[in-house]
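Engineer: Sharing a sequence plus its predicted fold:
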Amino acid sequence: MDDARTLLESLPLDLQAQVQRSVPLNSLTTLQVGGPAALLCPVFNPEHALRFQALALDRQIPFFILGGGSNVLADDRGFRGLILHVSTENLDRKGDTVRAGAGLSFDGLIERTLGLGLTGLEFASGIPGTLGGALVGNAGCYGHEIGEFLVEALLLRPDGRLETVGPEEFGFRYRETDLRETGTVVLEAVLRLQRGDVDQAMNLRHERILDRRTKHPVDQPSAGSWFRNLAAAEPGERRQAAGVLLEQAGAKDMSEGKARVFAKHANMIINTGGATSADVLKLAARMKFAVQEKFGVHLVEEVRYLEP
Ligand SMILES: Cc1cc2nc3c(=O)[nH]c(=O)nc-3n(C[C@H](O)[C@H](O)[C@H](O)COP(=O)(O)OP(=O)(O)OC[C@H]3O[C@@H](n4cnc5c(N)ncnc54)[C@H](O)[C@@H]3O)c2cc1C
């Protein structure tokens, strides 16, 4: 933490004013677990991103890109580096497309584009997090994914280049892209939508939000599905839900400390109040082991563990 103070004091004054020291990660992640991040750097525009990234590279400080923190488990010991908190929130419409800051809430963007008379994203209503997080993880549900809508994106590459790229650079696939965990920051994106039937889209939006309320722990701290669904048994078939295997392996009865498996969805871990990262990691390991033992299936984590 002393290093963090020295570093902060050595920053130009305009940056010093924006950076926060020792920010608890439990306040920045939806699972509400995690100790302090040494430095939190809000990225409101590409220039901020460039300057903070250059600082991290120059001083050889580890950095982590954070959006809404809805797919991350932070460690109780915190993070000794610099958190680039993507907070670009611009939104401009041009015809059937929107240019949107990656720090916009994804669900807020869905609501705002519908307000602009543009449909398409309503299928994803209720997915927590930011547009940037949705893009690098190719967030989706009900058979659709955000990647289907991307025209281009503004990226900050790990070598300090700002670059506009098309969807091919993302390599969109199931809950994954080539950009996740590479140190590339998604700053903004252009999405192609449609001038469709807004009332119908609104109805679908409300239906999806209600559906989530019945199936997901929307009022309790969680990080969404812990493990990825399995590949389909046959091409063209649906993926096998990891939650079904977890349920059959008895996961719904599992808990560790203050972390427990959500009663209505065996692939979700909830923090019942004061759970530690150790509780959560232990519980996730037990869930994984139970499925391995019962079915010989190796589950792969979807949630990103941020090591100290
Ligand atoms: C109750 C609940 C329900 C959920 N339902 C769904 C669902 O139906 N479908 C689904 O796909 N997901 C779902 N999720 C998971 C999560 O909401 C998504 O993965 C979401 O898109 C993550 O976005 P985020 O901004 O919170 O990313 P974060 O959690 O902040 O980060 C996730 C990863 O993305 C990287 N990242 C974030 N922003 C950027 C950026 N701008 N540039 C580069 N890298 C970045 C981070 O480094 C990290 O590796 C759910 C989560 C919860 C809590």
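Structural biologist: Looks like it came in fine.

Engineer: Give me the pLDDT for the closest residue in space to Gln18 that isn't next to it in sequence.
Structural biologist: In space, and not counting its chain neighbours, Gln18 is closest to Pro42: 5.9 Å by C-beta to C-beta, 6 or more residues apart in numbering. Just so you know, the C-beta spots here come from the backbone N, C-alpha and C atoms, and that holds for glycine as well. pLDDT recorded at Pro42 is 95.

Engineer: The stretch 101-250 of the chain against the ligand: which residues are in contact?
Structural biologist: Neighbours of the ligand within the stretch 101-250 of the chain, by C-beta under 6 Å from any ligand atom: 102, 127-130, 132-134, 136-137, 139-141, 175, 180-181, 185-186, 216, 218, 222-224.

Engineer: on that earlier part again, hang on, the residue nearest to Gln18 is in a strand, isn't it?
Structural biologist: Yes - when DSSP: H, G, I helix; E, B strand; the rest coil is applied, Pro42 is found to be in a strand.

Engineer: ok, it touching Leu82?
Structural biologist: No - applying C-beta atoms under 8 Å as the test, Pro42 and Leu82 come out as separate, 11.3 Å apart.

Engineer: Between the two, which has more neighbouring residues?
Structural biologist: Leu82 (23 against 16; other C-beta atoms under 10 Å).

Engineer: Count the neighbours of whatever residue of the stretch 201-308 of the chain ends up closest to the ligand for me.
Structural biologist: Nearest to the ligand in the stretch 201-308 of the chain, going by C-beta to the nearest ligand atom, is Gly224, at a distance of 2.5 Å. When neighbours are counted by other C-beta under 10 Å, Gly224 registers 21.

Engineer: Could you verify my assumption that Leu109 touches Asn90?
Structural biologist: No - with contact defined as C-beta under 8 Å, Leu109 does not count as touching Asn90 (11.2 Å).

Engineer: In terms of neighbours, single out the busier of these two.
Structural biologist: Leu109 (22 against 15).

Engineer: Quick one: the strands in the stretch 201-308 of the chain, in order.
Structural biologist: Taking DSSP state E, counting those that start in this stretch as the criterion, the stretch 201-308 of the chain carries its strands at 222-225, 255-256, 259-261, 268-271, 304-306.

Engineer: Do the third one and the ligand come into contact?
Structural biologist: No - Strand 259-261 stays out of contact with the ligand when judged by C-beta under 6 Å from any ligand atom, the minimum separation being 13.9 Å.

Engineer: Walk me through which strands that strand pairs with, and which way each runs.
Structural biologist: Strand 259-261 has its sheet partners listed here by DSSP bridges as strand 255-256 (antiparallel), strand 268-271 (antiparallel).

Engineer: For the shortest one, give me every contacting residue.
Structural biologist: In other words, strand 255-256. 261, 272, 279-280, 282-283, 286 (C-beta atoms under 8 Å, 6 or more residues apart in numbering).

Engineer: Sort out for me which of the residues you listed are in helices.
Structural biologist: Residues of the contacts of strand 255-256 located in helices (DSSP state H): 279-280, 282-283, 286.

Engineer: quick one on the thing from earlier: quick one: contacts for the residue nearest to Gln18?
Structural biologist: 18, 48, 85, 87.

Engineer: Pipe those into a markdown table and attach pLDDT, secondary structure and distance to the ligand per row.
Structural biologist: Listed next are the contacts of Pro42 as a markdown table, based on pLDDT from 0 to 100; DSSP: H, G, I helix; E, B strand; the rest coil; distance: C-beta to the nearest ligand atom, whole Å:
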| residue | pLDDT | secondary structure | distance to the ligand |
| --- | --- | --- | --- |
| Gln18 | 90 | coil | 17 |
| His48 | 89 | helix | 13 |
| His85 | 97 | strand | 9 |
| Ser87 | 97 | coil | 10 |
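
Engineer: Going by neighbour count, which of these comes out on top?
Structural biologist: Busiest of the contacts of Pro42 [other C-beta under 10 Å] is His85, holding 23 neighbours.

Engineer: does that one really touch Cys41, like I thought?
Structural biologist: Yes - here His85 lies in contact with Cys41, judged by C-beta under 8 Å, at a distance of 6.5 Å.

Engineer: Now do the same for Ser22: helix, strand or coil?
Structural biologist: Per three-state DSSP, Ser22 ends up strand.

Engineer: Report the separation between it and Val218.
Structural biologist: Ser22 sits 30 Å away from Val218 when distances are taken as C-beta to C-beta, to the nearest Å.

Engineer: can you give me the strands in the stretch 1-150 of the chain?
Structural biologist: 20-24, 36-43, 63-66, 72-74, 79-86, 91-94, 97-101, 140-141, 144-145, 150-156.

Engineer: Out of those, the one nearest Ala290 is which?
Structural biologist: strand 72-74 (19.1 Å; C-beta to C-beta).

Engineer: what sits up against that closest one?
Structural biologist: Under C-beta under 8 Å, 6+ apart, the answer for strand 72-74 is 25-26, 28-29, 31, 33-35, 37, 66, 223, 277, 280-281, 303-306.
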